[in-house]
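Chemist: Generate a structure from the sequence data that follows.
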Amino acid sequence: MTQFYVKDGGSFREVSEFFIRDGTSFTNKTVTNIFVKDSGNWREVFTLFDTPVGFTTASSSNISVPANANAIHIQSAVGGGGGGNAGQAYDKAGGEQGGPGGGSGAFLSDVVFSLTGGETLTPTIGAAGAAGNNSYSGGGPAGGGNTSLSGSTTGALFTLTGGGSGQVSGGGVQGPLATLTGGSGGLITQIATKLSSGTTVDGLNITSFTSGPVGSFNQSGGGSAGNNGITYGGDNANGVGANGAASFSGQVAGGTGGDAGNGGGPEPGQTGNPGTRGSGAGGGGTEQGGPGGTGGAGEIVFRFMRIA
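Modeler: Numbering: from 1, shown residues only. Predicted coordinates:
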């Protein structure tokens, strides 16, 4: 875009904003676009804010909103995925069990919120849920962490809770067989008003935003529960662990369950496979009781814009 300069005290200074005087005041008369007629055709020479083509992945650091932006496009955001839990190995209890999978975090995909130029955003990125290695009872490890974003002026934009870890309860080495429950899905516990329509000053219709994981505009929802553990009949039976829950409404697969063992102690392939992008991890395989996998970490991927 064309750059503009004014001479101020003998030095040229670049102009970043234009205002139109309406009566006696310049207040609230910001110019968003300027066109000139060039050989009979109108040509745009100034846009107040150019929407970036690419996106930024948030970390735990605060984010400064550009002065001329008034909205944020969340391409993707998700709470942390829950960890899977261990397969269960028994001594003549009449069966063996593959471990339960972790749940997935709540999500946003191609959502736009209003905000205030110049304010500071504070992100929290949900940690991945820990892998479980519980035998027969004891529940499970901590689930995935919450992902959130709030502004110093706008206030809270959203909070997406993480998925729960796979749970183990009520079993013993010689029976009874444990109850193996897949981790719970995360929830949206707070969300600001989402913009359903609008056009940026550089001509982008926000309803055309479909680059997020779900593939359509303005999508949000809770996570899914992980699969319950799998019981295999007979002593020394071998079988895989349960799968973790997919995230982003089924678009990002959860970790698969660990492999069946072949006797002689836990084997590397029996560990449940990890989740990604807020999905749940798989449970450990049996019959040597492989541990579960680690859930997928949360994320916030965004860009700023100015809605006309």
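Chemist: what comes up buried for stretch 113-126?
Modeler: 113-115, 119, 121-126 (16 or more other C-beta atoms under 10 Å). Glycine gets a C-beta too; all of them are placed from N, C-alpha and C.
Chemist: okay, that stretch in CSV with CA atoms only?
Modeler: Extracted in CSV, the C-alpha atoms of stretch 113-126 (Å, rounded to 0.1, in the frame of the first residue of the first chain):
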residue,chain,number,x,y,z
PHE,A,113,-14.5,-11.5,18.5
SER,A,114,-14.5,-7.7,18.9
LEU,A,115,-11.7,-6.1,20.9
THR,A,116,-10.1,-2.7,21.5
GLY,A,117,-7.0,-1.5,19.7
GLY,A,118,-4.0,-1.0,22.0
GLU,A,119,-5.3,-3.3,24.8
THR,A,120,-3.3,-6.3,26.2
LEU,A,121,-4.5,-9.8,25.8
THR,A,122,-3.6,-12.5,28.4
PRO,A,123,-3.6,-16.1,27.1
THR,A,124,-3.5,-19.3,29.0
ILE,A,125,-2.6,-22.5,27.1
GLY,A,126,-4.0,-25.7,28.5
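Chemist: And that stretch, how far out from the chain middle?
Modeler: The chain centroid and the centroid of stretch 113-126 are separated by 16 Å under C-alpha atoms, centre = their mean, to the nearest Å.
Chemist: average model confidence for it?
Modeler: The average pLDDT for stretch 113-126 rounds to 97.
Chemist: Can you tell me how far the closest residue to Q88 other than its chain neighbours is from G280?
Modeler: Nearest non-adjacent residue to Q88, counting by C-beta to C-beta, 6 or more residues apart in numbering: Q97, 4.0 Å away. Q97 is 18 Å from G280, where distance means C-beta to C-beta, to the nearest Å.
Chemist: So for the two, which residue has more residues nearby?
Modeler: Using other C-beta atoms under 10 Å, the more surrounded residue of Q97 and G280 is G280, with 50 against 33.
Chemist: Go ahead and list the helix or strand containing that one.
Modeler: Using DSSP states H and E, G280 falls within no helix or strand.
Chemist: what's near enough to touch it?
Modeler: Residues near G280 by C-beta atoms under 8 Å, 6 or more residues apart in numbering: 81-84, 101-104, 129, 163, 182-183, 223-224, 226, 244-247, 254-255, 295-296.
Chemist: Restricted to helices, list these.
Modeler: Counting by DSSP state H, no part of these is found in helices.
Chemist: Looking at the closest residue to G283 other than its chain neighbours now. What's its pLDDT?
Modeler: Spatial nearest neighbour of G283, excluding adjacent residues (C-beta to C-beta, 6+ apart): G99 at 2.8 Å. You'll see G99 listed with a pLDDT of 97.
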